[in-house]
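Asker: Next come a sequence and a model predicted from it.
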Amino acid sequence: MNEKEIVELIKQMSGAETISKDGIYTNEGSPSWKAYRNAQRLTDTSAIPILNSLLGRSKDRDTREHIYFILGKIGENSGDRRVVTVLLQSLEEETNKYLKERILDQLAGQKNVEECSLIC
């Protein structure tokens with residue numbers, strides 16, 4: 001994945017909910033729902049440095065939340081330890097308590113969390 005594709009995925013993940021045939025608001029089948037399902041299957045570890053760079057440049061809370069989600073899923077699917085490193089570093093640097101919670105959620109799904117003293 002290149003940076004352009006990642007940014008596009010993040011934009012899609014930010015989409016709004018849709019109205020179903022019954023007039024009920026739902027996310028299922030919406031572009032954002034599909035984008036999240038695509039992100040859940042990612043295994044491309046070449047995206048890790050790009051996502052880390054985007055984190056460093058992004059001030060938008062929602063964008064950062066989507067990046068943490070994507071990182072977490074890549075880590076779960078690939079076992080790449082760099083994801084844990086980025087998430088732990090972000091946990092230390094992040095000031096928003098909701099984003100800290102998202103980071104912890106993604107860390108919980110990782111297989112290779114050896115040094116977790118930052119969590120305590």
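Answerer: Everything's here; your move.
Asker: Next, count neighbours for residue 78.
Answerer: 17 (other Cβ atoms under 10 Å). In this view, the C-beta of every residue, glycine as well, is placed from N, C-alpha and C.
Asker: If we ignore the residues flanking it in sequence, what's nearest residue 38?
Answerer: Nearest non-adjacent residue to residue 38, counting by Cβ to Cβ, 6 or more residues apart in numbering: residue 9, 6.7 Å away.
Asker: any idea how far the one you found lies from residue 91?
Answerer: 23 Å (Cβ to Cβ, to the nearest Å).
Asker: Might one say that the residue nearest to residue 38 is in contact with residue 73?
Answerer: No: at 11.1 Å, residue 9 does not count as touching residue 73 under the criterion of Cβ atoms under 8 Å.
Asker: Now for the two: what residues contact both?
Answerer: When Cβ atoms under 8 Å, 6 or more residues apart in numbering defines a contact, the residues bordering residue 9 and residue 73 alike are residue 39.
Asker: In a helix, residue 8, correct?
Answerer: Yes: using DSSP: H, G, I helix; E, B strand; the rest coil, the assignment for residue 8 is a helix.
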